[in-house]
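Chemist: Sequence first, predicted model second:
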Number of protein chains: 2
Amino acid sequence: MAQIPLKSVTQTVQRILHKSGYSPEETAIISDVLMYAQMRGNNQGIVKLIGAGLPRNPNCRPPSIVHQTPISARIDGGGSIGMVVAHYALTVALEHAREQGFALVGTFNSNSSTGAIGYYAGQAAQAGYIGFVFAGSGEYVAPHGAYQPLFGTNPLAVGVPTAGKPIVLDMATSAIARYGIIEAQTAGQTLPEGVAYDAAGSPTTDPTAALAGAIRTFGGHKGGGLALMVELLTGALVGTSRHADGRKADWGTLTMLIDPTLLTDRDGFIERVQQVTGLVKDAKRLPDMDEILLPGERGDRQYERVVASGVIEIEERLWDALQAAAAG
Amino acid sequence: MAQIPLKSVTQTVQRILHKSGYSPEETAIISDVLMYAQMRGNNQGIVKLIGAGLPRNPNCRPPSIVHQTPISARIDGGGSIGMVVAHYALTVALEHAREQGFALVGTFNSNSSTGAIGYYAGQAAQAGYIGFVFAGSGEYVAPHGAYQPLFGTNPLAVGVPTAGKPIVLDMATSAIARYGIIEAQTAGQTLPEGVAYDAAGSPTTDPTAALAGAIRTFGGHKGGGLALMVELLTGALVGTSRHADGRKADWGTLTMLIDPTLLTDRDGFIERVQQVTGLVKDAKRLPDMDEILLPGERGDRQYERVVASGVIEIEERLWDALQAAAAG
């Protein structure tokens, strides 16, 4: 691992995005989402910029609202990059939620990564809402019991306001994130057992074989059921479309914000959240556990360490590839 | 296993409920929820009537709305049984959703089982909504990494309308449902490995030791994160309370209905759902899989078989215990 000044990494990321054709505004959004993930040790970070990278779609239009009610909006992503679309969806959702206490915002017509969706769920929670974010993607993951890739890695994120930092659960409903596989491939590592199949349906730990095959859903039939539900929420519900052969033509996201005051008072809500998290942190631990961590807590700490030190640890091959991309 | 006429089982259930103090209307609701589970092979069925059973709280009041907005309601369960409260919550949610396309309904002040929450999510989907139902309960499940019971089994259910039967995912976020343990205890069976701890935090397969210890959350840290989120949604958000020592004084539920037309047209939505389920059913299967089943599909089939045959298969000790309860 190389120790790189945070500033150099951010500048390198922004240089690559600029070279990829993004406007300064788009670059700021994308860089922020990528660095959020990278600084938290989440694999939705700057690994996205290597290999094919994130070239700007030359035909994209800015995302725009195509249907709207007081509590909902459907957004045409205009072929823009997922992070720009998801950022816009959050902005629209926050406007509706401020007025109505609730917002349901769906997007379609993008086909690139939204990045770590905990970023958006966390911002929603910072603004005082319980934020749910779901993101669809291409055919990478097999339904439970199958080895044919049909689903996206279908992450779901939930952000919950607290008196301090929000609690943010951000999890793929696949056994491993697709960028986790790309990261392993880049680092020359094998995958954990039981997360992927090769193209013939045999279990594999080879990242390259896995990318040609299918990722598994997590957590047995329950995780498989959740993966299907995220597929429906980010596809059927938001109105993405398919080619004549059934393959996805675009990807979608769903953002849902809930103001706790729809049901109870805010202070009481925050107090009850604190009480639960306090009980959890203090719970009797299993012998091999030093500490009970809340969702997102490990990432929060890593983020703070990076900010405090001004230095970020990056796998050397990844940093080399990034510098090449920035220079090339 | 004994083969019992469906009618005899229903009559026995209703006799027990009548003897437990329920009104005819309450009996109809509770019997319907219990038989739904039993006929689907779900462990939230008539096992609930044996042992301590489901005595009516003599001090309960009917559930009532204590706070309301056009899109939300908070319901005081009045100490009524969870099934009556959840049924009322669904009724209120359907009224709001019909007007607004969305409903968020929370309940508190009940401390007994809601039964299989797929029942309510399925009814929501039958009515045309995407239905989410979350249910809290007592201190049965340890947070991920701990062995101290703090959470309920915290099931979540999602119902999605289709052109035919809804798709209904109904899953505990615990590794096993509490009634799965009671069922194993009643049948004199051991538990699967890895689902429970005894009171000292050692893994156990003994149902009695597990009931004195804690159930695990499902699916590693992801399932653990979901369990915490359901805990917050059914506790902090709906406003349940705790005794001075931190233990739960009551339990809560959250019901959320989403009209797909908030985002797109209904026909297109249904068509896209059918397309996804068609692709999933036809996906290339792993060698040991005869068929890819959608969430709830196995239960649907079992339900239909019971209806068609008029006969239901029940573990003999359970049937004996039920008959004793009805007679005693």
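Modeler: Looks like it came in fine. Small disclaimer: the values here were computed from a predicted structure and weren't measured.

Chemist: quick check, A:Lys48 in a helix?
Modeler: Yes - assessed by DSSP: H, G, I helix; E, B strand; the rest coil, A:Lys48 belongs to a helix.

Chemist: For it, give its distance to chain B.
Modeler: 22 Å (Cβ to the nearest Cβ, to the nearest Å). Any C-beta I mention is one placed from the backbone N, CA and C, and that applies to glycine too.

Chemist: What is the burial count for A:Arg242?
Modeler: 15 (other Cβ atoms under 10 Å in any protein chain shown).

Chemist: mind listing the helices for chain A?
Modeler: Secondary structure of chain A by DSSP state H: the helices cover A:6-19, A:24-40, A:82-100, A:118-126, A:178-186, A:207-212, A:220-233, A:266-281, A:297-309, A:316-327.

Chemist: Now do the fifth one: which elements does it pack against?
Modeler: For helix A:178-186, the packing partners by 3 or more Cβ pairs under 8 Å, 6 or more residues apart in numbering or on different chains; DSSP states H and E come out as helix A:207-212, helix A:316-327.

Chemist: Can I get it in PDB, CA atoms only?
Modeler: Written as PDB, here are the backbone C-alpha positions of helix A:178-186 (Å, rounded to 0.1, in the frame of the first residue of the first chain):
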ATOM      1  CA  ARG A 178     -18.800  -5.700  -8.700                       C
ATOM      2  CA  TYR A 179     -16.000  -3.200  -8.000                       C
ATOM      3  CA  GLY A 180     -14.800  -5.500  -5.300                       C
ATOM      4  CA  ILE A 181     -14.100  -8.000  -8.000                       C
ATOM      5  CA  ILE A 182     -12.500  -5.400 -10.200                       C
ATOM      6  CA  GLU A 183     -10.400  -4.300  -7.200                       C
ATOM      7  CA  ALA A 184      -9.300  -7.900  -6.600                       C
ATOM      8  CA  GLN A 185      -8.500  -8.300 -10.300                       C
ATOM      9  CA  THR A 186      -6.400  -5.100 -10.300                       C
END
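
Chemist: circling back: any idea which of the helices and strands packed on helix A:178-186 is most buried?
Modeler: helix A:207-212 (a mean of 19; mean count of other Cβ atoms under 10 Å in any protein chain shown).

Chemist: for it, packing partners?
Modeler: Using 3+ Cβ pairs under 8 Å, 6+ apart: helix A:207-212 touches helix A:178-186, strand A:196-197.

Chemist: how far is that helix from where the chain is centred?
Modeler: A distance of 21 Å separates the centroid of the chain from that of helix A:207-212, by Cα atoms, centre = their mean, to the nearest Å.

Chemist: Same check on stretch A:236-245?
Modeler: Using Cα atoms, centre = their mean, the offset of stretch A:236-245 from its chain centre is 21 Å.

Chemist: Show me which parts of that stretch are buried, residue by residue.
Modeler: Within stretch A:236-245, the residues that count as buried by 16 or more other Cβ atoms under 10 Å in any protein chain shown are A:236-240.

Chemist: Keep these, but drop any that are not near chain B.
Modeler: Contacts with chain B are made by A:236-240 out of those, judged by Cβ under 8 Å from any Cβ of the partner chain.

Chemist: Can you pick out the most distant pair from these?
Modeler: A:Leu237 and A:Thr240 (9.3 Å; Cβ to Cβ).

Chemist: Need the overlap of contacts for those two.
Modeler: Residues touching both A:Leu237 and A:Thr240 (Cβ atoms under 8 Å, 6 or more residues apart in numbering or on different chains): A:Gly252.

Chemist: who in the stretch 51-200 of chain A is up against chain B?
Modeler: Looking at chain B, the residues of the stretch 51-200 of chain A close enough under Cβ under 8 Å from any Cβ are A:67, A:69, A:71-72, A:74, A:100-102, A:104, A:106, A:130, A:142-148, A:150, A:158, A:160, A:167, A:169, A:171, A:197.

Chemist: Return the subset of the residues you listed lying in strands.
Modeler: Among these, the residues falling in strands (DSSP state E) are A:67, A:69, A:72, A:74, A:102, A:104, A:106, A:130, A:158, A:160, A:167, A:169, A:171, A:197.

Chemist: Tell me how far the residue most central in space within chain A lies from A:Ile16.
Modeler: Centroid-nearest residue in chain A: A:Ala116, 2.6 Å away (criterion: Cα atoms, centre = their mean). A:Ala116 is 18 Å from A:Ile16, where distance means Cβ to Cβ, to the nearest Å.

Chemist: thought A:Gln38 was touching A:Glu315?
Modeler: No - counting by Cβ atoms under 8 Å, A:Gln38 does not reach A:Glu315; the two are 10.9 Å apart.

Chemist: Between those two, which is the more surrounded one?
Modeler: Legend: neighbour count by other Cβ under 10 Å for A:Gln38 and A:Glu315, higher for A:Gln38 (27 against 16).

Chemist: Skipping its backbone neighbours, what lies nearest that one in space?
Modeler: The shortest distance from A:Gln38 to any non-neighbouring residue, by Cβ to Cβ, 6 or more residues apart in numbering or on different chains, is to A:Gly45 (3.2 Å).

Chemist: which residues touch the residue of the stretch 151-300 of chain A found nearest chain B?
Modeler: Nearest residue of the stretch 151-300 of chain A to chain B: A:Gly219, at 2.7 Å (Cβ to the nearest Cβ). The contact partners of A:Gly219, by Cβ under 8 Å, 6+ apart, come to A:226, B:218-220, B:222-223.

Chemist: So which of these is the closest to A:Gly122?
Modeler: Nearest member of the contacts of A:Gly219 to A:Gly122, counting by Cβ to Cβ, is B:Lys222, at 17.4 Å.

Chemist: And that closest one, how far from B:Ile292?
Modeler: 22 Å.

Chemist: How confident is the prediction for the closest residue to A:Leu211 other than its chain neighbours, by pLDDT?
Modeler: Leaving aside its chain neighbours, A:Leu211 sits nearest to A:Ile181 (6.0 Å; criterion: Cβ to Cβ, 6+ apart). As predicted, A:Ile181 sits at a pLDDT of 94.

Chemist: Identify the residues contacting A:Ile181.
Modeler: Per Cβ under 8 Å, 6+ apart, neighbours of A:Ile181: A:191, A:196, A:207, A:210-211, A:215.
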